[in-house]
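Novice: structure, please.
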Amino acid sequence: MNNREMTYDLIVIGSGAAGMMAAITAARDGKAVLLLEKLSKIGAKLKATGGGRCNLTNTLDNETFMSHFGRDGRFMTPALEVLDHTALIDFFKKIGVETHAPDGYRVFPVTHSSSTIITAMEQEMQNLDVTVLCSQKVISLDHDGEKVTGIKTETDDFSAQNVVIATGGKGYPVLGAEGDGYVLSEAVGHKTTEVFPAMMPLKVKEKWVGNCRADTIAKVVIHVDMKKYKKLSAKGDLIFTKDGIRGPVVLDFSREITPLLSKFNEVPVLMNLTKGLNEEQIREHFKKELAKDPHRNTLQLLQTLLPESLSVELCKLTEADPTLGWKKLSGRARDKLIKLLAWTPLTINGHDGFKMAMITRGGVSLKEIDPYTMQSKKLKGLYFCGEVMNLDGPCGGYNLQWSFSSGFLAAKLL
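Specialist: Residues are numbered from 1 along each chain as shown. Model prediction:
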């Protein structure tokens, strides 16, 4: 009997973190498992995660962890109860992957290579006799109106009592994420929320940023400067690009910005580039620096807080002569500079779409999924895990932990 004639206990669609975890979990319980991947190799998007370093999870307690996902975060409670970060670390240790948290917060494989994770999970699937078929794009779910009976790919039919959709979202389509799971689930009655690219660089209207590309600005605070959305903010390192901004703070913040850009052509933001110093604290800082060396010019004084390239641009924006001593500037010029240092305005006006998005904001509606089992409320035997659902978190291991936990729960209770 060949693979295509077999009936499986479980078919998993997608070979990312969630899909491989689901396959391993079910196979450990003695289930006959088929894992289908439409690309020629498994784990393509997982391989690219975190620049290939694979930030698996973080060390936050479950309550704090869930709070970073916003109002729907508590949907994860049952999944995290069965596989939290300590259980995930133990899972990897048992399949030969040592992990560590160099900063006490983010957890990586000690190799800092996602290939280590993929190789270990692939080996575990082989040990458990999981059938893995690549170059198999699933085009529809088979069902009798009440329960799943199998799936159809472009070339084959496979029978199963249970199917897990672990196809991810739409981010990085070159790595296989093209929204297939939305199409499959909508065809059996599930709703998909509007989806947006997230965790990506952003473009800005201002041209001066292109002159500041050489440096990383640490501990930047950024928030939306629109009356209704002022609470939207993020903090972290920022890097200027030829036509915009990137870096950890931007990756996090883009989750909030891309939905706004679909409503408004531009989103004004304010950035504190001085590690949180307010106007009064900046004045005090300058006073102390001038006490040490009263002969510093304005540019040299600004460089005690910011890189030279950025200091030059801020002088241009305020029409302050950088070669003059601080006290030789007009009071108006000094005030303008200090205000700009405390809060620098930018206008976000675009992004590169899903091709540069690490994750997707939005997905299959959580209202139609049982959080205690990850099973569909529409069709028995249909399960969801990972990014295909309408739940996304910031950088720092949040999304991978959710993928692993939901994949584990989806397969554990079959």
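
Novice: what's the closest non-adjacent residue to Val82?
Specialist: Residue nearest to Val82 in three dimensions, not counting chain neighbours: Leu409, with 5.6 Å by Cβ to Cβ, 6 or more residues apart in numbering. C-beta: built from backbone N, CA, C; applies to glycine.

Novice: give me the neighbour count for that neighbour.
Specialist: Residues near Leu409, counting by other Cβ atoms under 10 Å, number 26.

Novice: what do you get for Ile165?
Specialist: By the criterion of other Cβ under 10 Å, Ile165 has 32 neighbours.

Novice: still on that earlier bit, tell me which element the residue nearest to Val82 falls in.
Specialist: Per DSSP states H and E, Leu409 falls inside helix 398-412.

Novice: what packs against that helix?
Specialist: helix 17-28, strand 57-58, helix 77-82, helix 85-94, strand 157-165, strand 382-384 (3 or more Cβ pairs under 8 Å, 6 or more residues apart in numbering; DSSP states H and E).

Novice: would you list those in JSON lines and tack on distance to Phe253 and mean pLDDT?
Specialist: JSON lines is the format used below for the helices and strands packed on helix 398-412 (distance: least, Cβ to Cβ, whole Å; pLDDT from 0 to 100):
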{"stretch": "helix 17-28", "distance to Phe253": "24", "mean pLDDT": "98"}
{"stretch": "strand 57-58", "distance to Phe253": "18", "mean pLDDT": "98"}
{"stretch": "helix 77-82", "distance to Phe253": "25", "mean pLDDT": "98"}
{"stretch": "helix 85-94", "distance to Phe253": "24", "mean pLDDT": "98"}
{"stretch": "strand 157-165", "distance to Phe253": "29", "mean pLDDT": "97"}
{"stretch": "strand 382-384", "distance to Phe253": "27", "mean pLDDT": "98"}
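
Novice: in CSV, list the ones you listed along with distance to Trp208.
Specialist: Putting the helices and strands packed on helix 398-412 into CSV (distance: least, Cβ to Cβ, whole Å) gives the following:
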stretch, distance to Trp208
helix 17-28, 40
strand 57-58, 35
helix 77-82, 44
helix 85-94, 42
strand 157-165, 46
strand 382-384, 45
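
Novice: Phe65 contacts Gly397, doesn't it?
Specialist: No. The criterion here is Cβ atoms under 8 Å, and Phe65 misses it with Gly397 at 9.2 Å.

Novice: measure the closest residue to Gly363 other than its chain neighbours to Thr167 for me?
Specialist: Of all residues beyond its chain neighbours, the one nearest Gly363 is Asn390 (4.2 Å), with distances taken as Cβ to Cβ, 6+ apart. Computed with Cβ to Cβ, to the nearest Å, the distance linking Asn390 and Thr167 is 14 Å.

Novice: again, but for Met199
Specialist: 18 Å.

Novice: residues shared between the contacts of Phe65 and Gly397?
Specialist: Shared contacts of Phe65 and Gly397 (Cβ atoms under 8 Å, 6 or more residues apart in numbering): Asn58, His85.

Novice: what is the neighbour count of Lys227?
Specialist: Residues near Lys227, counting by other Cβ under 10 Å, number 6.

Novice: I meant Ala333, not that one.
Specialist: 18.

Novice: hang on, it is in a helix, isn't it?
Specialist: Yes. Assigned with DSSP: H, G, I helix; E, B strand; the rest coil, Ala333 falls within a helix.
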